[in-house]
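Participant: I would like the atomic coordinates for the input below:
(chains A and B)
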Amino acid sequence: DTGVSQDPRHKITKRGQNVTFRCDPISEHNRLYWYRQTLGQGPEFLTYFQNEAQLEKSRLLSDRFSAERPKGSFSTLEIQRTEQGDSAMYLCASSLGGWDRGFFITGELFFGEGSRLTVL
Amino acid sequence: DQQVKQNSPSLSVQEGRISILNCDYTNSMFDYFLWYKKYPAEGPTFLISISSIKDKNEDGRFTVFLNKSAKHLSLHIVPSQPGDSAVYFCAAISGTNSGGSNYKLTFGKGTLLTVNP
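Facilitator: This next block holds a predicted model:
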């Protein structure tokens, strides 16, 4: 399977604990994204990387959240001192974008199956 | 402020009939639109997209129509099949036609489509 993979698929933790999620994107994709989805909502953008550079962070990403993509391949999303409001599905996606005749071509985002976080 | 709106939380249609899923947006800077399908316990899967320089894009049973003046797009599925039952998300991006690099997708809340046999 060469799709986007995420680990763990489900994490249950107590409030105040730290959790880390891992995402392995499709290997040739240069962009990697983290989204969060809560019940009844669409996915909400958290952050994205172009290779190893983190280019944008949402204001949803408080200082308890940190994301890395150290070698431009896999990425980790860490949540420190978890709160019950952090309970959500954390989705990772990757894409391959590029320039074509002066326009930046939007490559479709391929999503992983998500990591569901439950904070008790 | 919901910039991408899917006002119908659910839609039920008979197998073989047409399914029409609607999406409205408020941000006039959006210039690329995508539809994703999501089954339970899976991540969203890309379905079809359309650039703002077009008003229609077709891929098999799926057609997306874009009305820029109304800031409205719709996804038509013809004929609908029970396997199409899923949550459908509309998403939008800005800056792709102007040489920008804004890759952030803004999603709607989704519409649950149920296709009855």
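Participant: in chain B, which spans are strands?
Facilitator: B:4-5, B:10-14, B:19-25, B:30-38, B:45-51, B:56-59, B:62-67, B:72-77, B:86-94, B:106-107, B:111-116 (DSSP state E).
Participant: Which one of the ones you listed lies nearest to A:D63?
Facilitator: Proximity to A:D63 (Cβ to Cβ) singles out strand B:106-107 among the strands of chain B, at 23.6 Å. Placement of C-beta: from N, CA and C, glycine included.
Participant: quick one: the closest one to chain centroid distance?
Facilitator: 10 Å (Cα atoms, centre = their mean, to the nearest Å).
Participant: now for it, which elements pack on it?
Facilitator: Here strand B:106-107 touches strand B:86-94, going by 3 or more Cβ pairs under 8 Å, 6 or more residues apart in numbering or on different chains; DSSP states H and E.
Participant: Which residue ranges of chain A form strands?
Facilitator: Taking DSSP E, the strands of chain A run over residues A:5-7, A:10-13, A:19-24, A:31-37, A:44-50, A:53-57, A:65-68, A:75-79, A:88-95, A:98-100, A:103-105, A:110-111, A:115-119.
Participant: For B:I50, find the nearest of those.
Facilitator: When the strands of chain A are compared (using Cβ to Cβ), the closest one is strand A:103-105, at 13.8 Å.
Participant: could you dump the strands of chain A to a markdown table with mean pLDDT and distance to chain B?
Facilitator: Converted to a markdown table, the strands of chain A look like this (pLDDT from 0 to 100; distance: least, Cβ to the nearest Cβ, whole Å):
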| stretch | mean pLDDT | distance to chain B |
| --- | --- | --- |
| strand A:5-7 | 97 | 8 |
| strand A:10-13 | 97 | 10 |
| strand A:19-24 | 98 | 11 |
| strand A:31-37 | 93 | 6 |
| strand A:44-50 | 90 | 5 |
| strand A:53-57 | 86 | 7 |
| strand A:65-68 | 96 | 14 |
| strand A:75-79 | 97 | 15 |
| strand A:88-95 | 94 | 6 |
| strand A:98-100 | 58 | 8 |
| strand A:103-105 | 55 | 5 |
| strand A:110-111 | 91 | 3 |
| strand A:115-119 | 97 | 9 |
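Participant: so which of these comes closest to B:P79?
Facilitator: With Cβ to Cβ as the measure, strand A:110-111 is the member of those nearest B:P79 (26.8 Å).
Participant: OK, contacts around A:L32?
Facilitator: Neighbouring residues of A:L32 by Cβ atoms under 8 Å, 6 or more residues apart in numbering or on different chains: A:C23, A:P25, A:Y48, A:F49, A:R69, A:S75, A:C92, A:A93, A:S94.
Participant: swap the cut-off to 6 Å and go again
Facilitator: Residues near A:L32 by Cβ atoms under 6 Å, 6 or more residues apart in numbering or on different chains: A:P25, A:F49, A:R69, A:S75, A:S94.
Participant: Spatially, what comes nearest to the residue nearest the centre of chain A if we skip its sequence neighbours?
Facilitator: Nearest residue to the geometric centre of chain A (Cα atoms, centre = their mean): A:W34, 2.2 Å. Spatial nearest neighbour of A:W34, excluding adjacent residues (Cβ to Cβ, 6 or more residues apart in numbering or on different chains): A:L46 at 4.3 Å.
Participant: ok, now A:S5?
Facilitator: Nearest residue to A:S5, sequence neighbours excluded (Cβ to Cβ, 6+ apart): A:D24, at 4.7 Å.
Participant: any idea how far the one you found is from A:S73?
Facilitator: Between A:D24 and A:S73 the computed distance is 7 Å (Cβ to Cβ, to the nearest Å).
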